[in-house]
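Enquirer: Need a 3D model of the sequence below.
(chains A and B)
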There are 2 protein chains.
Amino acid sequence: MDSKQYLFLFEEGRADMRALLGGKGANLAEMTRLGLPVPPGFTISTVACTDYYNKGGIMPEGLMDAVLGGIRVLEKKTGRTFGGRSSPLLVSVRSGAAVSMPGMMDTILNLGLNDDTVEGLARETGDPRFAYDCYRRLIQMFGNVVLGVVHDAYERVLARMREKHSVTSDHMLGLDALRELIGEYKELTRFPQDPDVQLEQAITAVFRSWNNPRAQLYRKINKIPDDLGTAVNIQAMVFGNMGEDSGTGVLFTRNPSNGERVRFGEYLTNAQGEDVVAGIRTPKPLSDMESELPDVYRDVLKMADLLEKHYRDMQDIEFTFEKRRLYLLQTRTGKRTAKAAVKIAYDMANEGLITKEEALMRVEPSHVEKILHRGIDATAQLDVIASGLPASPGAATGEAVFDADVAEARGSRGERVILIRPETTPDDMHGIVHAQGILTSRGGMTCHAAIVARGMGKPCVVGCEQMRIDPEARVAQVNGREIKEGMVVSIDGSTGRVIMGEVPLVNPDPGDEFRELLGWADEIKRLGVYANADTPEDARRAREFGATGIGLCRTEHMFMAQDRLPVMQEMILAFTAEERKAALDKLLLMQKQDFVGILEAMKGYPVTIRLLDPPLHEFLPNIEHLVLEIERLRVSGAPETEIKDRQNLLKKARALAEANPMLGFRGCRLGMVYPEIYEMQAEAIFSAAAELIQKGMDVRPEVMIPLVSIAQELAALKERIDKVAEAVMARTGVRIPYKVGTMIEVPRAALTADEIAEHAEFFSFGTNDLTQTTYGFSRDDAEAKFLHHYIHEKVLSGNPFQSLDTAGVGELIKMAVSKGRAKKPGLKIGICGEHGGDPDSIRFCHHAGLDYVSCSPFRVPVARLAAAQAQITGK
Amino acid sequence: MDSKQYLFLFEEGRADMRALLGGKGANLAEMTRLGLPVPPGFTISTVACTDYYNKGGIMPEGLMDAVLGGIRVLEKKTGRTFGGRSSPLLVSVRSGAAVSMPGMMDTILNLGLNDDTVEGLARETGDPRFAYDCYRRLIQMFGNVVLGVVHDAYERVLARMREKHSVTSDHMLGLDALRELIGEYKELTRFPQDPDVQLEQAITAVFRSWNNPRAQLYRKINKIPDDLGTAVNIQAMVFGNMGEDSGTGVLFTRNPSNGERVRFGEYLTNAQGEDVVAGIRTPKPLSDMESELPDVYRDVLKMADLLEKHYRDMQDIEFTFEKRRLYLLQTRTGKRTAKAAVKIAYDMANEGLITKEEALMRVEPSHVEKILHRGIDATAQLDVIASGLPASPGAATGEAVFDADVAEARGSRGERVILIRPETTPDDMHGIVHAQGILTSRGGMTCHAAIVARGMGKPCVVGCEQMRIDPEARVAQVNGREIKEGMVVSIDGSTGRVIMGEVPLVNPDPGDEFRELLGWADEIKRLGVYANADTPEDARRAREFGATGIGLCRTEHMFMAQDRLPVMQEMILAFTAEERKAALDKLLLMQKQDFVGILEAMKGYPVTIRLLDPPLHEFLPNIEHLVLEIERLRVSGAPETEIKDRQNLLKKARALAEANPMLGFRGCRLGMVYPEIYEMQAEAIFSAAAELIQKGMDVRPEVMIPLVSIAQELAALKERIDKVAEAVMARTGVRIPYKVGTMIEVPRAALTADEIAEHAEFFSFGTNDLTQTTYGFSRDDAEAKFLHHYIHEKVLSGNPFQSLDTAGVGELIKMAVSKGRAKKPGLKIGICGEHGGDPDSIRFCHHAGLDYVSCSPFRVPVARLAAAQAQITGK
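Expert: All right, here's what the predicted structure looks like:
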């Protein structure tokens, strides 16, 4: 690798060089190019980082020479000297990957200070307190980030010092206190005095931070490849801690929580950037700056406008002002809540800043899902014990825990916990992942906990300052109340409320902007979006969510109802076809009413009804229970007839028991051997349809045969169903527009889709079973026994039951589509497995040429958006 | 359809027109063309028959006109008149399908006789007895075949007549007796006097006979399509019943039972063909003819030589001689036993009559299987109670039954029965199918029972004339002994012996000709033939049968042995990896000895060892039993510790229990989660190999990973196995030539075979599981619950677990071969499912480009032949 590729001055880069320069470096370059006030600096490219790893963790040859060359350029630009006793050049060293990983990696400020240069800085600024504050920050960060000294060790010294000098905040410590502090810090820290050594060690530490556990975890959660590497940005320092006319802040060009078009930010005076992000001091809202520092305020707003227009998206900007002079230290596309994402996208499209297509691409399918999350019932009586900042919306309930490890341990067992901490750091990441929600007593809307929680869509309340949290004692106190570990609490991330106990939830109103945006999606998308619904209520909900059909109406649940199960058992236990027929006649009337309800609810749209699918033994009692019951009846001397009865039932249950029920006597196999079952169902469907059509309704039943593996199965059953339809039409004089089709849910159906298409009016991929049979995974067994292990060990990149396995199952789907349509052009094809609601799988379905996806009613809006996005990106 | 296609004079046809003329018609035409003495005639083509069925069972238009035109031609050729009072033309009407279905369909002789013409025939021949004998035969056959009068009705009249006239045989009945008999027959029979009507009804009856139940059954057994239809041959009669210088017979050009190169036949004087075939009179051996009728004998032998040379295969010839003048009525390729097939093929190749390739094509794979059937131990003391003709070789034992219905009922329940009848008719077919063997008191080597039994490879003894069989009383008596229904008897179809009780069986010596023939197969075939063998004994047997490797050595059976199961359970119940390791160490020593044995037995050849495959719960007791046991212990007040123990076991068994074990935690999934199990097995394999190599042996272990569905599984496990191999090689200083490969037994493995091939040194298709997952059929459940129904209803043409489903599973195999070899050219690929021993599946494997098939040792010779045949036919 040419070592020239290792280093880029800010003026040499551009925004589109993210892969090489990382997001932060590319944006610093872009801002420099735009002539914005960015302190001079350069970026060590991601190539240097990957070379570092490829060489087994050794600094690539020539890198440090190039870096020192870069430092010389900065010296020239600033007129300062790196390591100089007078006018010393100080730099920041920050990581910056191509994909944003906020707070996941490390930063060192004030690098270049040592026992000599600190004096130079003091002399130069005439502010020794400032110089020593910088120095103590450097030692602390260097010790923590580069040398691995734990954060708490410094915090304990700081706390002791605050106490000793009777101040409440670090920035109130005087010069002597700082000198004393530095002395104690040095005892904790093997701090190198040579600035070149500091630089090399700092760069190495940033490289290494790419692979620290919290970064790995973040990448895993966010599906970021492990081999991208991070860039390193080295930049001349400017100082927000040079007194009350200096400061540092963060600004979002729109509200990241609700999306409103107001500048939204926070700042701290006499502080460096880390103070805001770390949440150690609670910052002031940006609005305060208008009166406090009007000129800086005006400059900040101007830059914000400029950057939002330039990037055409909401920006998250870090700035520092040094004696009222503004510098931009970072801009990036701002993370936002689901609600904000929708609002911002909708507004920007209406403002003409972006197109409708771009607006749709700005909203993630997961955002849609979150917007439909249920919230706290506004009418409920709540035991509100405290209030903090509403950092990430949504309500969460769980048992209080005070430690990330406990949160992880209990959360990963499926228990619901709320993680309560004074503040969070990146080291708490694993606990945040496994908690339902986060509550902190410190930090602002832009602190670590807030940013991370919003990114994950987890409810979060921060800066609940009335609350005294004692992690060691595992208790929090507020207003005379106590939260002990294990007590159930709720938080409302939309209002900041902290509530004792469970809270009642209600369905949200997603809002008009949401509905309009999804309307745009409908205009653009090619895929139809149907819902899986078994009841009229489900069907109605699906319609409300925008479904234009039912892709899967399961009929077996209808037989599980309390009044029907005995009749179903009667049918199963029947000895002759006549006895079976008698029981089926009783079921017929019930089934007909089911179908009247669901067809009516979906009038105007197709309703795909799957005939009976599960094995019959699912309707009988458990064998093990029967065995034990008989034994007990026998021991207790129960009458012979009673025992005999149970024994008969046991005998039938045994006869129907199967080694592998998933692959057994179910689906169309039942329909083939006991044709009277499917005939009854067909009779119920067509009678219901005829009745509604006679009332003037437009109903479109589509009869779906499950588990076909041989074309002849479908041919034989279609013939029977057509006969029933003809009979009903002849009897009622009504023409019923219906289709008969099949599920494609075993590999052979896909492999012989051409033969099957001859007899099918539609295909619907049952990707749950298709995934089971393609992998040879029984879902129940796999998830309990080894799937978790596989995902953890990266044998699988994800759970194939959640996101479609394109290499295997997808291959079969493509084959079936191509063979099916070759035989019958225009064949209607959809998917009704759970994958129908998964955005990645929907994209696959779009490109595979399917006509529709069908998913749970709740996921219909997600699917509508994902379908539009697939159409827009074309990939 | 042009009606010209309906009718062909014999001189218009050829041997290669079988499809149109049927086998009999084509051969009659061929013999006519060769100038052999064939009575003139014509054939109604199969097209007429299929038209008959397509029109719903109505005589095709123009057919009868064409037939009557044909009759005019015969009248001209013979100088006789159909229906004429003098010189009446009599004809036979015989069915004849394209595929031989001996005895399955119907024949009518002497057609054209009525109350008038019989007098003309009597006058013309001066032999009224002969004329009336022909007439009574016509009425009987016509009544039985065309009108459906039961055979027994005529037999009872005949028996009464024999008794009344005190004769023992039909042909001893005088003229008056015959006239009286005809009178009684007419009362049973609505016999049409008009010969044209006789003809039309007879043709219709033959058409209909194509679909009679026994023909349907025969076609099903022999996999003959149902839509071919039969031809009808109409031929001028010649008469074997014109006195003692007339007669009829059957000749095989070689012995159909053992294949020896001697003319083999039987004849009856003063008889018509039906008398021989029906087995009513026991015929004389052909050798008697040499002295009795030397001129006819000479002619017969001459014709036999000529026909065998012309057809280049053993012929089964029917002839009639009328006053010493010889006529040929049929020739066809003779059915033969497995033993005869091998001997004839081998001899003909050595005689130069056919090539080695042709010889190999003359032997059916099922023949090979039958030759390896076990026979009666020659040294055993047997209770031989009678002796008959050895009509179809092999030994059979079962309970005596005297009725085809009983034989079917009991045989289909899996019980072993011997069907004992005075004679068999096509109506007994269903009983023959379900019997282990057939024993009759009447009939010769060419009677119905003998022909059918030989075709099916079932042991058969016929013509056991000392035996008095009374089907109504369900008893047989011979030499003072009695066989009652339900008593166990044995028959030896190779010697004709009937033996009381069971007989000890031994492995057969298939003979040198068999071995040489298979040697030719080995020279020709491209596919390797390996065996599935789990023990050194199996491996040795496989070598003897010609296997050149082990394609599947299952290791789980090794853990089921009585001394190992407790250690295996210890391993499963282990709480920690260390405890598991301790149990595995004990198993290691045992496993090593297993592998030493099997590798040594197969030295010089590859041994493919599959690592542990079944789910662990298979090694634990049944849950239902445990539940009941605990309940009983509790009720009986057993000590708490004992109950606790069983409860622990139950807990573990429940934890390991699975909804669908076939798709569960087994195969490489176990190996991934518990790597120490596979590492132990690898250690055992490589240690065993090293030990043998140190002794100078050439051993080639190939380690096979089961149930791979994701390339990464194989990659991870191969890495571990390679590490174990390296460690063993380093420790022993021995280089072990080994391979690591995988089974392809779930669809995803086939679909992603390119990715998998990167890590595999061989593929082996596990078609049992691949069939289960491709169809979504659990074999156990499917065969018990619906597969039988599917085959019966022709939803499936056969059991896909026996013969490979080429449309579905085969498609995956082809895909995997192509993807696998695209990634790794020359990748070794085989099959080790049960299909590896099925000839149709072997043909598929040959064409799919596999390197080898692996099957049970016993089927290795079958596979060698089938592999050669696939190479020879190229299709």
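
Enquirer: Provide the backbone phi and psi angles at A:G112.
Expert: Torsion angles at A:G112 (phi, psi; degrees, to the nearest 10) stand at phi 120, psi -20.

Enquirer: roughly how far apart are it and A:Q193?
Expert: 11 Å (Cβ to Cβ, to the nearest Å). C-betas here are computed from N, CA, C, even on glycine.

Enquirer: Mind checking which of those two has more residues around it?
Expert: A:G112 (26 against 12; other Cβ atoms under 10 Å in any protein chain shown).

Enquirer: surely that one meets A:V91?
Expert: Yes. Here A:G112 reaches A:V91: they are 5.8 Å apart, a contact under Cβ atoms under 8 Å.

Enquirer: Now the common contact residues for these two.
Expert: Common contact partners of A:G112 and A:V91 (Cβ atoms under 8 Å, 6 or more residues apart in numbering or on different chains): A:F82, A:L199, A:M237.

Enquirer: would the second one count as being in a strand?
Expert: No. Counting by DSSP: H, G, I helix; E, B strand; the rest coil, one finds A:L199 to be helix, located in no strand.

Enquirer: which secondary element of chain A has the worst mean pLDDT?
Expert: Within chain A, confidence by mean pLDDT, DSSP states H and E is lowest for helix A:273-278 among all helices and strands, at a mean of 70.

Enquirer: Tell me the most packed of the shared contacts of A:G112 and A:V91, by neighbour count.
Expert: A:M237 (26 neighbours).

Enquirer: re earlier: and which of the shared contacts of A:G112 and A:V91 is nearest to B:V734?
Expert: If you rank the shared contacts of A:G112 and A:V91 by distance to B:V734 using Cβ to Cβ, A:L199 comes first, at 54.9 Å.

Enquirer: Which residues are in contact with the closest one?
Expert: Contacts here follow Cβ under 8 Å, 6+ apart; on that basis A:L199 touches A:V67, A:L68, A:I71, A:V91, A:V93, A:L111, A:G112, A:I234.

Enquirer: Same question for A:N270.
Expert: Contacts of A:N270 by Cβ under 8 Å, 6+ apart are A:H171, A:G240, A:N241, A:M242, A:G243, A:E244, A:S246, A:G247.

Enquirer: pLDDT score for the fifth one?
Expert: At A:G243, the model reports a pLDDT of 86.

Enquirer: can I assume it is in contact with A:D127?
Expert: Yes. A:G243 lies in contact with A:D127 (Cβ under 8 Å); the separation is 7.1 Å.

Enquirer: So which elements touch the top helix by length along chain A?
Expert: Scanning chain A for the longest helix, with DSSP state H as the assignment, gives helix A:577-601. Applying 3 or more Cβ pairs under 8 Å, 6 or more residues apart in numbering or on different chains; DSSP states H and E, we find helix A:577-601 packed against helix A:536-544, helix A:557-560, helix A:565-573, strand A:606-610, helix A:675-694.

Enquirer: Now mean pLDDT too, for the ones you listed, in CSV please.
Expert: Output for those, formatted as CSV (pLDDT from 0 to 100):
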stretch, mean pLDDT
helix A:536-544, 91
helix A:557-560, 78
helix A:565-573, 87
strand A:606-610, 98
helix A:675-694, 96
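
Enquirer: I'd like to check which residues are in contact with A:I693.
Expert: A:V699, A:V734, A:R735, A:I736.

Enquirer: Now list the buried members of those residues.
Expert: Buried residues within those, defined by neighbour count using 16 or more other Cβ atoms under 10 Å in any protein chain shown: A:V699, A:V734, A:I736.
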